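> sequence and predicted structure, then a few things I'm wondering about:
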Amino acid sequence: MADEQYTLRDANNQLIQVCLRRDKRLRRTSRWERMPDGSLLVRVPHRLPRRSVSALLEQISKQLDKSIAMQKRRNDFDLYERAKLINQKYFHGEIQWNSICWVSNMQKRLGSCSRGGPTDGHIRISDKIKGWPGWVIDYVIAHELMHRKHPNHSPAFWDELRTTYPFTERGRGFIHGFGYAAGHPPEDEEE
């Protein structure tokens, strides 16, 4: 069955293209995520009745509006400006995200980037690294931005990050050295 195309309007009055794909692997729940071009890919159970699609799209629209409101509250301006500059300089402005903010509840991770659902495109950076050199913070931001294109630490993720962001190895070395000095052996991110 061919993908179905729809259009939503978000809280900023912007039109969002929606590609609805029926997925035989899904039984009850639907999944959605924002694509790099800003459109949405919505995967639904294969047997979802057509009459249920409009209610589902309405629910997604409400989640998007909530996400936009949250984005306005949560963006830390300095971090946002840094991410915007990195995106322009190294990724040619191709990467889209919804928010980026400092958080204090990360114990082991330095950053995270959510994919799919109402928090799609939310990047969180641990406030524990605020005092680190700017180039290391920039590496963490670039790393999380790359997760918008590659969800895991696949070889493609590392190849593209190393190719596009020239300070990847330097940033990783600093982080591993810092962890080693603190008595925490580095975890192998490439698996």
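That came through, no problem. Numbers count the residues shown, from 1 in each chain.
> which helix runs longest in the chain?
helix 53-74 (DSSP state H).
> so who does the spatially most central residue of the chain touch?
The residue lying closest to the centre of the chain (C-alpha atoms, centre = their mean) is G121, at 3.5 Å. By C-beta atoms under 8 Å, 6 or more residues apart in numbering, the contact list for G121 reads R34, Q96, W97, N98, S99, C113, S114, R115, R148. In short, each C-beta sits where N, CA and C put it, glycine included.
> one more time with 6 Å
Applying C-beta atoms under 6 Å, 6 or more residues apart in numbering to G121 gives the contacts R34, W97, N98.
> for it, which non-adjacent residue is spatially closest?
Ranked by C-beta to C-beta, 6 or more residues apart in numbering and with sequence neighbours excluded, the top spatial neighbour of G121 is N98, at 3.7 Å.
> swap in V53?
L20 (6.6 Å).
> got a pLDDT number for that neighbour?
Listed pLDDT for L20 reads 94.
> ok but it is inside a strand, no?
Yes: counting by DSSP: H, G, I helix; E, B strand; the rest coil, L20 is found in a strand.
> just checking, it touches R43?
No: judged on C-beta atoms under 6 Å, L20 makes no contact with R43 at a distance of 8.1 Å.
> tally up the residues packed near the nearest residue to K128 once chain neighbours are set aside, please.
Nearest residue to K128 in three dimensions, chain neighbours excluded: M106, at 7.1 Å (C-beta to C-beta, 6+ apart). M106 has 16 neighbouring residues, counting by other C-beta atoms under 10 Å.
> now do S126
S126, neighbours per other C-beta under 10 Å, totals 18.
> show me where this structure has helices.
Under DSSP H, the chain gives helices at 53-74, 77-91, 134-146, 155-164, 168-181.
> deepest in the core, which of those helices is it.
Ranked by average neighbour count under the criterion mean count of other C-beta atoms under 10 Å, those are headed by helix 134-146 at a mean of 20.
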